[in-house]
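Enquirer: Here is a sequence together with a model predicted from it:
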Amino acid sequence: MKINRRSFLKKTAAATGALSIPTIVPSSVFGKNAPSNRVNIGCIGVGNQGSGLMKNVLYNDQAQVVAVCDCFASRRQAALDTIKDIYTQTGKESRINAKAYADFRELLAREDIDGITVATPDHWHVPIACHAVRAGKDMYVEKPLGVSMKDGFKLRNLVRDKKAIFQYGTMQRSDHYFRFACELVRNGYIGQLQKMDVWCENIGDHQYTKTMPKTQPVPEDLDYDQWIGPAPMKPYCDVRVSNLGAWHIYDYALGFIAGWGAHPLDIAQWGNNSDDTAPIHYEGTGTVPSGGLFDTVSFWDLHCTYANGVKMHFMDHATAIPVVSKYHPELRRHGTTFHGTDGWISVRRGAIDFSDETLRRVKLKEDETHLYNSKTHMGNFIECIKTRKKPISTIEAAVQSDLISHLSNAVVRLKRPIKWDPKNERIINDQEATKMLDRPKRSPGRYK
């Protein structure tokens, strides 16, 4: 009888949980990289964000990084060096056996890999995740989902059908402040929820929203064709493949209206108990720069309405200043404020504020709503690979919060309101806006 790694991990996790005894299996059962019930992880995209995710895995005793992948050879080598350094420093030299790949498909073909992290440019998130599901892998996918809602819905269906573990990179759900704020809202401590203010960073008037860099030769250590992937091929320049380029060029992303907006929007969705839906009406204004390399929405001021009547004001941080400062003197560059009939709660990274300070001392009763408690986002992902329980940031929640950014982007670009039908998941009577929920692909058969 062939032993399946996934079923084995689940069984051993259950056994060790019940007996509190570690289960040791000879390494020959699954290959030299898989002693006991340790989870094998491959990291796809190991730049700034990806290397951070990789380190979270490296410091987790229940997992091991066995493979890395990046379009830049220098990043692949840097990742291997980091793996060696951390495992040496932590006395885990036996785990230093990771291999590096330039093509993610080669990494996904390895049968010994249980899960992956995806921290590539946004336009690659969903295509790689779809390949991963088909390859039988679980995945931690950075936000936002990407440039095509059509593909996002397809990924959701694949994850459901294959029963894959999908953890979205909205790690604020694994933070006490955000969980506590949403629990107070859900339990009525500010009365009936009426509206939410949501704001985040933006690109503003960056120089490359107005100017176009000169074409440069492609560096020898970069597979540029692979980096571009399903997007249109464009002349190379260093800025194009930089973090800012990947975030603010419309071929690869929606900009911070999605890339940063994913975080406070996700918390708004959590507090409003709307992980399975999205606002039904969108209107507002914004700015789309022209004449430069960066062409994603740079400023936005959106008003959204949910079917339950709750209003949401979604803004970039510059637009938010005169709005939020009326009730919150210590405005930061991102946050989510819940306004109820009896007060407000405002939460951001590292802090939570109240209209009534007594709320800070609230201890929830047993019969009140207690939200999913995850101590660390990566730890929750690894645990769920073993137990097959749903993670804290599901594909369902990811699709709905990402949809808000896509519809907001369409409102700004088309300069008109949009109505959304959540039951049938379609825009009502606007073919031009509907087309914006998908993107044509270069070599579509390769990136399906």
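Expert: Looks like it came in fine.
Enquirer: Kindly provide the whole-number mean pLDDT of stretch 232-245.
Expert: Per-region confidence: stretch 232-245 scores 98 on mean pLDDT.
Enquirer: Distance across that stretch, terminal residue to terminal residue?
Expert: End-to-end distance of stretch 232-245 (C-alpha to C-alpha, to the nearest Å): 14 Å.
Enquirer: got a list of what the closest residue to residue 212 other than its chain neighbours touches?
Expert: Among residues not flanking residue 212 along the chain, residue 293 sits closest, at 5.3 Å (C-beta to C-beta, 6 or more residues apart in numbering). Where you see a C-beta, it was placed from the backbone N, CA and C, and this is true even at glycine. Residue 293 makes contact with 208, 211-213, 237, 239-240, 245, 249 under the criterion C-beta atoms under 8 Å, 6 or more residues apart in numbering.
Enquirer: and residue 293, which of the three is it?
Expert: The three-state assignment at residue 293 reads coil, by DSSP: H, G, I helix; E, B strand; the rest coil.
Enquirer: how much space is there between it and residue 203?
Expert: Going from residue 293 to residue 203 by C-beta to C-beta, to the nearest Å gives 11 Å.
Enquirer: Pipe the contacts of residue 293 into a markdown table and attach secondary structure and distance to residue 342 per row.
Expert: Formatted as a markdown table, the contacts of residue 293 follow (DSSP: H, G, I helix; E, B strand; the rest coil; distance: C-beta to C-beta, whole Å):
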| residue | secondary structure | distance to residue 342 |
| --- | --- | --- |
| 208 | helix | 46 |
| 211 | coil | 50 |
| 212 | coil | 52 |
| 213 | coil | 53 |
| 237 | coil | 54 |
| 239 | coil | 49 |
| 240 | coil | 50 |
| 245 | helix | 46 |
| 249 | coil | 45 |
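Enquirer: Residue 85: which of these is nearest?
Expert: Nearest to residue 85 among the contacts of residue 293 is residue 245, at 28.9 Å by C-beta to C-beta.
Enquirer: give the contact list for the nearest residue to that closest one once chain neighbours are set aside.
Expert: Excluding its sequence neighbours, the residue lying closest to residue 245 (C-beta to C-beta, 6+ apart) is residue 239, at 5.0 Å. Counting by C-beta under 8 Å, 6+ apart, residue 239 touches 208, 213, 245, 293.
Enquirer: export those residues to JSON lines and tack on distance to residue 258?
Expert: As requested, the contacts of residue 239 are arranged in JSON lines below (distance: C-beta to C-beta, whole Å):
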{"residue": "208", "distance to residue 258": "18"}
{"residue": "213", "distance to residue 258": "23"}
{"residue": "245", "distance to residue 258": "15"}
{"residue": "293", "distance to residue 258": "18"}
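Enquirer: buried ones in stretch 427-445?
Expert: Under the neighbour-count criterion of 16 or more other C-beta atoms under 10 Å, stretch 427-445 has 427, 430, 433-434, 436-437, 439, 441 buried.
Enquirer: follow-up on the earlier one: give me the distance between the residue nearest to residue 212 and residue 199.
Expert: Remark: distance between residue 293 and residue 199 (C-beta to C-beta) = 25 Å.
Enquirer: Am I right that residue 320 is in a helix?
Expert: Yes - Residue 320 sits within a helix when classified using three-state DSSP.
Enquirer: ok, it - contacts?
Expert: Counting by C-beta under 8 Å, 6+ apart, residue 320 touches 197, 199, 331.
Enquirer: mind listing which of these are in strands?
Expert: Of the contacts of residue 320, the ones assigned to strands by DSSP state E are 197, 199.
Enquirer: filter the contacts of residue 320 to the buried ones?
Expert: When neighbours are counted using 16+ other C-beta under 10 Å, the contacts of residue 320 contain these buried positions: 197, 199, 331.
Enquirer: Where is pLDDT lowest across these?
Expert: Within these, pLDDT is lowest for residue 331, at 78.
Enquirer: which residues touch the residue most central in space within the chain?
Expert: The centroid of the chain falls nearest to residue 143 when counting by C-alpha atoms, centre = their mean (2.2 Å). Contact analysis of residue 143 by C-beta under 8 Å, 6+ apart lists 168-170, 258-259, 262-263, 266, 398, 402.
Enquirer: quick one: it and residue 254, what's the gap?
Expert: Distance of residue 143 to residue 254, given as C-beta to C-beta: 11 Å.
Enquirer: cool, residue 100 as well?
Expert: From residue 100 across to residue 254, the span is 30 Å (C-beta to C-beta).
Enquirer: Equivalent analysis for residue 86, please.
Expert: Separation of residue 86 from residue 254 (C-beta to C-beta) stands at 34 Å.
Enquirer: more neighbours, these two?
Expert: residue 254 (26 against 18; other C-beta atoms under 10 Å).
Enquirer: helices or strands next to the lengthiest helix in the chain in the packing?
Expert: When the chain is scanned for its longest helix (criterion: DSSP state H), the result is helix 395-414. If you count contacts as 3 or more C-beta pairs under 8 Å, 6 or more residues apart in numbering; DSSP states H and E, helix 395-414 packs onto helix 149-162, strand 166-168, helix 256-259, helix 262-271, strand 281-287, strand 299-305, strand 418-421, helix 431-435.
Enquirer: buried set for it?
Expert: Using 16+ other C-beta under 10 Å as the test for burial, helix 395-414 gives 395-413.
Enquirer: mind checking how far it is from the chain centre?
Expert: 13 Å (C-alpha atoms, centre = their mean, to the nearest Å).
Enquirer: can I see the domain layout of the protein?
Expert: Recorded structural domains for the chain (assignment: automatic domain parsing) are 5-172, 175-367+394-447.
Enquirer: Of all these, which one is nearest residue 377?
Expert: Comparing the domains of the chain by C-beta to C-beta, domain 5-172 comes nearest, at 3.8 Å.
Enquirer: I'd like the average pLDDT over the closest one.
Expert: Mean pLDDT, domain 5-172: 88.
Enquirer: For the stretch 301-448 of the chain, give me the ranges with low pLDDT.
Expert: Across the stretch 301-448 of the chain, the ranges flagged by pLDDT under 70 are 444-448.
Enquirer: shouldn't residue 278 be in contact with residue 423?
Expert: No - using C-beta atoms under 8 Å, residue 278 makes no contact with residue 423, being 11.5 Å away.
Enquirer: Next, the buried residues of stretch 336-355.
Expert: By neighbour count with 16+ other C-beta under 10 Å, stretch 336-355 contains the buried residues 336-340, 344-348, 352-355.
Enquirer: what's residue 218 sitting at in phi/psi?
Expert: The phi and psi values for residue 218, taken as degrees, to the nearest 10, are phi -70, psi 130.
Enquirer: my read: it touches residue 227, true?
Expert: No - applying C-beta under 8 Å as the test, residue 218 and residue 227 come out as separate, 9.4 Å apart.
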